[in-house]
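In: Quick one, what's the 3D model for this:
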Amino acid sequence: MNDPLKVVFMGTPDFAVPTLRALARDQRFAVTLVVSQPDKPKGRGRKLAPTPVKSTALEHGIPVIQPAKARAPEPVERIAAESPHYIVVVAYGQILPLSILEIPSFLPVNLHASLLPRWRGAAPIHRALLAGDRVTGVCSMLMEEGLDTGDTLMCQSAEITDRDTAGDLHDRLALMGADLMTQTLTDYTDGKILPRKQDSIQATYAPKLAREEFVIDWTASAEEVSRKIRGLAPFPGAVTLHAGVSIKPLFCHLSTTGAGGGAGEILGVSGEGITVACGRGAVVITLLKPEGKGVMAARAYTLGHEVKAGDTLGK
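Out: Numbering: from 1, shown residues only. All right, here's what the predicted structure looks like:
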């Protein structure tokens, strides 16, 4: 095709922004409409704040609609009026009906932050870290009414290291996904992609995080505690108590010294951070966020609070 491919983009959070930017800047595509979730109140003043995708669309001069329900007749008609070649969906936040999925002349395409069929669902990045996966990635996929069950189009893998947090992985996969999506649309248009069925027997699911999962169980192994802390950082954050006050450790690494002590016991305080015993092994907390305060180095926290060896976290 010589003319740009017409795209309707549907997305809401930060994860979707790199893909929208990539499509908006690429002359091979014409993003004619953006669909995002309604604005939500934020901050102490509870003022309505635009979604990250809406803000990006307005920067590029792209019209935006924000229906409470995308399946309602008015937004369906508005999307259909664009006669798009593709509908591109990245973390939109609503299940889309057939009335929308059948609109594009080529495909409705979704970007998912895992190597499908592993981690279908709402929280694939967090779940991969919490489970101790060493590899994850992004997949573009044909959308259907099931939950991330459509045929995959292209996938790209990414290593998970012991220094990765959910935030690190989120940002890396968002950028990878933007490149993958532009390549997917051009290659599919040129007939270079053969969709592949997912093996449902191999499927695992990534449900939304539950509040009870945020609490650190210090009787777990140091490896599990490390994954919990890094897998929930920076948001929503793993939670524990120190002297009756809630703190969120945001980064840690495994201690190279012998552990000893009971689960949750502070073994030592140093310039590096706070060493805490686990059910097996120990971790060194280097970054944390006390309740009601900003993120700080663990060392800074110890200078402003009484933190000593023998204290127990979680009580």
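In: quick one: the strands in the stretch 151-300 of the chain?
Out: In the stretch 151-300 of the chain, the strands defined using DSSP state E, counting those that start in this stretch lie at 152-159, 240-242, 245-254, 266-269, 274-277, 282-290, 296-297.
In: Same list as before, these that is, but in JSON lines and with mean pLDDT and mean neighbour count included.
Out: Where you see a C-beta, it was placed from the backbone N, CA and C, and this is true even at glycine. Below are those laid out as JSON lines (pLDDT from 0 to 100; neighbours: other Cβ atoms under 10 Å):
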{"stretch": "strand 152-159", "mean pLDDT": "98", "mean neighbour count": "17"}
{"stretch": "strand 240-242", "mean pLDDT": "97", "mean neighbour count": "21"}
{"stretch": "strand 245-254", "mean pLDDT": "96", "mean neighbour count": "20"}
{"stretch": "strand 266-269", "mean pLDDT": "95", "mean neighbour count": "19"}
{"stretch": "strand 274-277", "mean pLDDT": "96", "mean neighbour count": "26"}
{"stretch": "strand 282-290", "mean pLDDT": "97", "mean neighbour count": "22"}
{"stretch": "strand 296-297", "mean pLDDT": "97", "mean neighbour count": "16"}
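In: Of all those strands, which one is nearest D133?
Out: strand 152-159 (10.0 Å; Cβ to Cβ).
In: Does H253 touch S226 like I think?
Out: Yes - assessed by Cβ atoms under 8 Å, H253 is found in contact with S226 at 6.9 Å.
In: Identify the contacts common to the two.
Out: Common neighbours of H253 and S226, using Cβ atoms under 8 Å, 6 or more residues apart in numbering, are 162, 283.
In: what's around the closest residue to L48 other than its chain neighbours, how many residues?
Out: The spatially closest residue to L48, leaving aside those adjacent along the chain, is D39, at 4.3 Å (Cβ to Cβ, 6 or more residues apart in numbering). Using other Cβ atoms under 10 Å, the number of residues around D39 comes to 13.
In: per-residue confidence at D39?
Out: Here the pLDDT value assigned to D39 is 95.
In: now swap in G261 and tell me
Out: 85.
In: Please name the nearest non-neighbouring residue to R78.
Out: Leaving out its chain neighbours, the residue that sits closest to R78 by Cβ to Cβ, 6+ apart is I65, at 5.8 Å.
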